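Visitor: need a 3D model of the following:
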Amino acid sequence: THTLTHICALTFTHTHPQPQQVSKEYLAIVHGQPGKQDGVIEGAIAKTDETTGMPRYHVCAHGRPAATEFTVVSTFPEHSLVAFRPLTGRTHQIRVHASHMGHPILCDTLYGGRAAPAATIDRCALHASRLTLTHPATRKPITFEAPLPPDMAAAIRTLGAPS
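Guide: Below is the predicted model of the structure:
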């Protein structure tokens with residue numbers, strides 16, 4: 001089995017996409033309207049020193065470097081639909097960066113998000129919408145897309161007319 005394990009490890013290493021060959025895009029409903037249409041949120045992320053409850057993270061000088069691109073897709077009277085593209089892979093990175101820029105994700109109570117209007121969604125309003133990677137054999141990009149889930153679509157309908 002040692003040889004088989006070694007062969008599998010080598011095969012995986014040579015065919016598995018490297019981190020720089022993968023790009024991810026997430027859609028989130030955030031509170032408020034970001035001051036800029038697009039940009040990059042840069043802020044090192046570290047685990048908060050808490051001993052109770054779910055682990056939390058925050059932006060601080062002694063954290064690990066992190067960067068997230070964002071683009072405002074639509075704005076509503078009190079919320080925005082934002083596309084986030086993490087450039088690094090930190091735990092809770094999008095949630096922490098959205099909160100850090102003053103626009104926490106709807107229903108993300110761990111990072112300052114409040115409940116949804118009309119109770120249309122009861123989870124963090126964050127959705128993995130697109131994954132692009134390089135095919136290991138053809139070396140061509142492949143993109144997988146997932147439609148907005150019904151609960152997020154319903155939440156957007158309750159936010160009012162886009163502006």
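
Visitor: could you check how far Tyr57 is from Ile41?
Guide: Distance of Tyr57 to Ile41, computed by Cβ to Cβ, to the nearest Å: 14 Å. Heads up, the C-betas are built off the backbone N, CA and C, glycines and all.

Visitor: no wait, Ala154
Guide: Counting by Cβ to Cβ, the gap from Ala154 to Ile41 is 28 Å.

Visitor: who's more crowded, these two?
Guide: Under the criterion of other Cβ atoms under 10 Å, the comparison of Ala154 against Ile41 puts Ile41 first, with 21 against 14.

Visitor: what bridges to the more buried one?
Guide: When assigned by DSSP bridges, Ile41 has beta-bridge partners Thr68.

Visitor: touching, it and Met101? I think so.
Guide: Yes: if you go by Cβ atoms under 8 Å, Ile41 and Met101 touch, sitting 5.5 Å apart.

Visitor: any common contacting residues for these two?
Guide: Phe70 (Cβ atoms under 8 Å, 6 or more residues apart in numbering).

Visitor: residue closest to the middle of the protein?
Guide: Ile94 (4.2 Å; Cα atoms, centre = their mean).

Visitor: any idea of the pLDDT on the closest residue in space to that residue that isn't next to it in sequence?
Guide: Nearest residue to Ile94, sequence neighbours excluded (Cβ to Cβ, 6 or more residues apart in numbering): Phe84, at 4.7 Å. pLDDT recorded at Phe84 is 98.
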